[in-house]
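S.K.: my questions concern the predicted model and sequence given below.
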Amino acid sequence: MAWEGAAIGLLDLDAFFASVEQLDHPDWRGRPVIVGGSPQRRGVVSTASYEARRYGVHSAMPSWQARRLCPDAMWTTGHFERYRELSRRVMAIVGDETPRVEQVSIDEAFFDVTPGRYSREDPVAICRRIQRRVLDLGISCSIGLGVNKTVAKIASERDKPRGLCVVRNAQTQAFLAPLPVEALSGVSALRRPTVRATALTSSSIP
């Protein structure tokens, strides 16, 4: 199926800090890993591996609570220069595909792969190639692909880890219609149940 309209992707590295620690510590692979804070002192979780998330551990959780939920987790305060190094390599991979890249954090970036702007290749094929190249680094990413940033952001969270959620132009309304307004980034404070995501994104631009 030929792609119609803009094609905006959002790359999100899966449990990035914890994944890098598992990459650098082979004996931690497959085990719960918590980055940030300390099980002995006050602090908060920065990132939890998916193995730790199965116990209910998540980012911003107090360390004491994470320790109680997952007492056998491996803890580290983090190695941020290493994270920055791998982040730069990932962003270079995305930059190989399109010059229009907007990095929004150390582990997230929007990118424009609209056919005809910089390449005539299918945007889905480009996203799959990005995922393969990131996997070659020893970490993984999830990508949401849609007609604008709003759709791409929501889609990127759908099938983690290693997910690729594609929302074509004709599917956008059906994709957004069931979602509450809280699904939209930055508007979680709105609590009116009658408001739906489609009402706030009809005029969104890439």
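M.R.: Received it, and whenever you're ready, just let me know what you need. Predicted model, so just to flag it, every value in this text is computed and none were measured.
S.K.: next, count neighbours for the nearest residue to Gly36 once chain neighbours are set aside.
M.R.: Sequence neighbours aside, Ser46 is the residue nearest to Gly36 in space, at 2.9 Å (criterion: C-beta to C-beta, 6 or more residues apart in numbering). For glycine as for every other residue, the C-beta is placed from the backbone atoms N, C-alpha and C. Counted with other C-beta atoms under 10 Å, the neighbours of Ser46 add up to 19.
S.K.: which ones are touching Ser46?
M.R.: Neighbouring residues of Ser46 by C-beta atoms under 8 Å, 6 or more residues apart in numbering: Phe17, Val35, Gly36, Gly37, Ser59, Gly78.
S.K.: which of those fall in helices?
M.R.: Using DSSP state H, the subset of the contacts of Ser46 located in helices is Phe17.
S.K.: hmm, Val104 is touching Phe110, no?
M.R.: Yes: in this structure, Val104 is within contact of Phe110 by C-beta atoms under 8 Å, at 6.6 Å.
S.K.: name the residue most distant from the centre of the chain?
M.R.: Most distant residue from the mean C-alpha position of the chain: Gln40, 29.8 Å away (C-alpha atoms, centre = their mean).
S.K.: that one in helix, strand or coil?
M.R.: Using DSSP: H, G, I helix; E, B strand; the rest coil, the structure places Gln40 in coil.
S.K.: run the chain-centre distance for the lengthiest helix in the chain.
M.R.: For the chain, the helix that runs over the most residues, judged by DSSP H, is helix 80-97. Computed by C-alpha atoms, centre = their mean, to the nearest Å, the chain-centroid distance of helix 80-97 equals 14 Å.
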